[in-house]
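J.: generate coordinates for the sequence data below:
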Amino acid sequence: MSATPIEIIESIIKYSPTRALYNKCLIDKVWYKLVRIELYSRWKQCATEYWEQYQEYDNLNKAWSEALDPDEMEQLYDDSAQAYVRLHEKVQEQIGIKEYMLNYGMITDEQERKTVEYDVEIGKYINDPWGLEWSWEQEVMPGFYTW
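T.: Residues are numbered from 1 along each chain as shown. This next block holds a predicted model:
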């Protein structure tokens, strides 16, 4: 029997770290398809975890802005800073998965490919690549106008 049973390959892929999967897609066509499926699921999992962590970060910021006690504000600020670091790490993990999938030709949809190319080129260098933190870009009127 020269072929590896698919169940064994699936279990190897499922329990392998993400960085170890990238070169496994070069083994053969079966590995390529299974690694692609696994990387898509990890990408989706990263997006879900990112949203949950963003909600936690946003809630900490709201609580900090409403807090009156200086000690509580300091603790909330520290928690918010730690949540931001975790949020940024999750962004980098997700962009890393996208980058390797793009490099190995695993993204077939043209629209999705353009989005991933943007994330890989620009998203690494900005804090919020998906625009979840936004505000109305309103200009504040200078104080010297008197009308």
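
J.: so the spatially most central residue of the chain, which of the three states?
T.: Central residue of the chain (CA atoms, centre = their mean): residue 91, 3.1 Å from the mean position. Of the three states, residue 91 takes helix according to DSSP: H, G, I helix; E, B strand; the rest coil.

J.: how close does it get to residue 16?
T.: Remark: distance between residue 91 and residue 16 (CB to CB, to the nearest Å) = 22 Å. All C-beta spots, glycine's among them, are computed from the backbone N, C-alpha and C.

J.: and for residue 45?
T.: For residue 45, the distance to residue 16 - CB to CB - is 15 Å.

J.: quick one: the residue nearest to the centre of the chain and residue 47 touch, right?
T.: No. With contact defined as CB atoms under 8 Å, residue 91 does not count as touching residue 47 (10.1 Å).

J.: give me the mean pLDDT for whichever strand or helix holds residue 37.
T.: Using DSSP states H and E, residue 37 sits within helix 29-66. If you average the pLDDT over helix 29-66, you get 87.

J.: check contacts around residue 99.
T.: 116, 120 (CB atoms under 8 Å, 6 or more residues apart in numbering).

J.: how about low-confidence regions in this structure?
T.: For the chain, applying pLDDT under 70 flags the ranges 1-4, 123-147.
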